[in-house]
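1. this one's sequence-less:
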């Protein structure tokens, strides 16, 4: 590895030195460098045939170690160049922190470890789990989207407090949930997440091609918030947790920003506004499997 | 009692099978159950077809029995069967049924709105007439005719919305 690096460094070093030299020597250097580049290219192109003659199918003449020597892999060791991100990452996290001494022995400072040793070791060790294959955590799952759902499609929500309402689809979020909006002035459905499975996709589409959806609308933005700080007084805990959901100003401004763009396009299609205001329901003689949505 | 007969040149509508929905002309009768049938202008090759899947129409063409396809085609185009068929109520009903089945959710909403509007207009006129007749005592209700004239303008809009 070291040998290869040195050899590699020499060549660009030569080239750089060559470029720095002025005037007369330039054309000569250029030609030389072009030749080198040409040679390099030629070298890379040619691949050697297999150095391991076949005795029978699947059986080669030489062993692994013999092949290692024959292919001269001892000479060929490559590492990927260190990227800027990796360089930044090398900064080690802080191990200790200095805190002021409060209370009786007030005054000086003490050094406190940030990552402390465990205060409890179980008496029996946990047995090693067997290796499993292909079981991915939720964040790595493949997200699919039905072909009938494209940005601008009118969806019918089937569950939740807005069931039966027709709503405009904006985009699919990272967890796979659909970002959807009423718009609010039409049917009181705000910017909200909906689950793909609990939604009927109609074939009516609104043209949302130029609409810009703010980038901070992610799953974390929509996630429900829960306070968890029990202060050992059981009687009063249940009051402090968020019972009433309050609409923040940010939500209002985001809603306005998105809806204003969409409303303009909805108004272009005749009767679409009234359609979005109405709710979906089944009645006698209406069978969902026979309906074309 | 019977007005449509199986005869050479009778145009029939195929109700089921691989050629469902197409028109054919009966060229010859094979036996009690089958006929030799040809639909050059409707994409049906000359073939035997059971009578059961055929429904007779009002149209009859003039050509001799076992005439070849060219003759059938000439007769068909001379009589302009395709246009005549499209103008019949039968064909229109079929088309309306197909359209209804293809209606999307948005179309259904539009139809609902159109129907509502139409019914409102009708009811409005009816109420007017009822009022008139109740006011004027027992005068005959011949004045139902103007209602239809006013209806037609707004019904056209409703039909547009339907389609």
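-> In hand now; what should we look at? Everything numeric here is computed off the predicted structure, so don't read it as measured data.
2. Tell me the secondary structure of the residue lying closest to residue B:82 once chain neighbours are set aside, please.
-> Using Cβ to Cβ, 6 or more residues apart in numbering or on different chains and skipping residues adjacent in sequence, the residue nearest residue B:82 is residue B:41, 6.1 Å away. (C-beta placed from N, C-alpha, C; glycine too.) When classified by DSSP: H, G, I helix; E, B strand; the rest coil, residue B:41 comes out as coil.
3. Neighbours of residue B:41, how many?
-> Residues near residue B:41, counting by other Cβ atoms under 10 Å in any protein chain shown, number 17.
4. That one: what's it in contact with?
-> Taking Cβ atoms under 8 Å, 6 or more residues apart in numbering or on different chains, we find residue B:41 in contact with B:23, B:73, B:76-77, B:81-82.
5. Show the buried residues in these.
-> The neighbour count (16 or more other Cβ atoms under 10 Å in any protein chain shown) marks B:23, B:73, B:76, B:81 as buried among the contacts of residue B:41.
6. which stretches of the stretch 1-150 of chain A aren't confidently modelled?
-> Low-confidence segments of the stretch 1-150 of chain A (pLDDT under 70): A:1-44, A:86, A:90, A:105.
7. now the strands: where do they sit in it?
-> For the stretch 1-150 of chain A, the strands defined by DSSP state E, counting those that start in this stretch cover A:54-56, A:59-60, A:96-100, A:109-113.
8. Which neighbours in the sheet does the third one have, and how are they oriented?
-> Spelled out, it's strand A:96-100. Using DSSP bridges, strand A:96-100 pairs in its sheet with strand A:109-113 (antiparallel).
9. ditto for the shortest one
-> Sheet neighbours of strand A:59-60, with direction, are listed as strand A:54-56 (antiparallel) (DSSP bridges).
10. from the middle of its chain, how far away would the partner strand be?
-> 48 Å (Cα atoms, centre = their mean, to the nearest Å).
11. Other residues contacting it?
-> A:60-61.
12. Give the buried residues for it.
-> Buried, per 16+ other Cβ under 10 Å, within strand A:54-56: nothing.
13. Stretch A:178-186 now?
-> A:178-184, A:186.
14. Now residue B:15. Nearest residue, chain neighbours left out?
-> residue B:55 (5.2 Å).
15. Where do the helices of chain B begin and end?
-> Ranges of helices within chain B are B:69-79, B:81-87, B:89-102, B:105-135, B:145-162, based on DSSP state H.
16. Where among those is average confidence lowest?
-> Among those, helix B:145-162 carries the lowest mean pLDDT, a mean of 50.
17. will you turn the helices of chain B into JSON lines that also has distance to residue A:111?
-> Shown next, in JSON lines, are these (distance: least, Cβ to Cβ, whole Å):
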{"stretch": "helix B:69-79", "distance to residue A:111": "103"}
{"stretch": "helix B:81-87", "distance to residue A:111": "94"}
{"stretch": "helix B:89-102", "distance to residue A:111": "77"}
{"stretch": "helix B:105-135", "distance to residue A:111": "68"}
{"stretch": "helix B:145-162", "distance to residue A:111": "80"}
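18. can you tell me which of those comes nearest to residue A:205?
-> Nearest of these to residue A:205, taken as Cβ to Cβ: helix B:105-135 at 9.9 Å.
19. Next, the angle from that closest one to helix B:89-102.
-> Helix B:105-135 and helix B:89-102 are oriented at 120 degrees to each other (axes from the mean of the first three to the mean of the last three Cα atoms, to 10 degrees).
20. what about helix B:105-135 and chain A, touching?
-> Yes - Helix B:105-135 is in contact with chain A by Cβ under 8 Å from any Cβ of the partner chain, via B:105-106, B:109-110, B:113.
21. Near chain A, which residues of chain B are found?
-> Going by Cβ under 8 Å from any Cβ, the residues of chain B near chain A are B:101-106, B:109-110, B:113, B:161.
22. picking up where we left off before, between the buried ones among the contacts of residue B:41, which sits nearest chain A?
-> residue B:23 (26.7 Å; Cβ to the nearest Cβ).
23. the helices in the stretch 51-200 of chain A, which residues?
-> With DSSP state H, counting those that start in this stretch as the criterion, the stretch 51-200 of chain A has helices at A:64-70, A:84-89, A:184-187.
24. any idea which of those is most buried?
-> Among the helices of the stretch 51-200 of chain A, the stretch with the highest mean neighbour count (mean count of other Cβ atoms under 10 Å in any protein chain shown) is helix A:184-187, at a mean of 18.
25. can you list the domains in chain B?
-> Split into domains by the TED database, chain B comes to B:10-87, B:100-131.
26. Redo the ones you listed as CSV? Include distance to residue A:106.
-> Below are the domains of chain B laid out as CSV (distance: least, Cβ to Cβ, whole Å):
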stretch, distance to residue A:106
domain B:10-87, 97
domain B:100-131, 73
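27. Make sure residue B:29 is actually in contact with residue B:36.
-> Yes - judged on Cβ atoms under 8 Å, residue B:29 makes contact with residue B:36 at a distance of 7.5 Å.
28. quick revisit: of all pairs in the buried ones among the contacts of residue B:41, which one is the farthest apart?
-> Among the buried ones among the contacts of residue B:41, the pair separated by the greatest distance (Cβ to Cβ) is B:23 and B:73, at 12.7 Å.
29. circling back: so among the residues of chain B next to chain A, which ones count as buried?
-> Counted by 16+ other Cβ under 10 Å, these give B:103, B:105-106, B:109-110, B:113, B:161 as buried.
30. As TSV, the residues you listed with distance to residue A:253 would be great.
-> Output for these, formatted as TSV (distance: Cβ to Cβ, whole Å):
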residue	distance to residue A:253
B:103	39
B:105	32
B:106	31
B:109	32
B:110	35
B:113	34
B:161	38
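31. just to revisit the earlier point, name the stretch among the strands of the stretch 1-150 of chain A that sits most buried.
-> Comparing the strands of the stretch 1-150 of chain A by mean neighbour count (mean count of other Cβ under 10 Å), strand A:59-60 comes out on top with a mean of 12.
32. contacts for that strand?
-> Applying Cβ under 8 Å, 6+ apart, the external contacts of strand A:59-60 come out as A:52-54, A:67.
33. And stretch A:177-190, by the same measure?
-> With Cβ under 8 Å, 6+ apart, stretch A:177-190 has contacts from A:149, A:155, A:157, A:162, A:165-173, A:191-196, A:199, A:213, A:217, A:219, A:251, A:255, A:258-259, A:262-263, A:266, A:273, A:276-277.
34. Kind regards, and thank you for your time.
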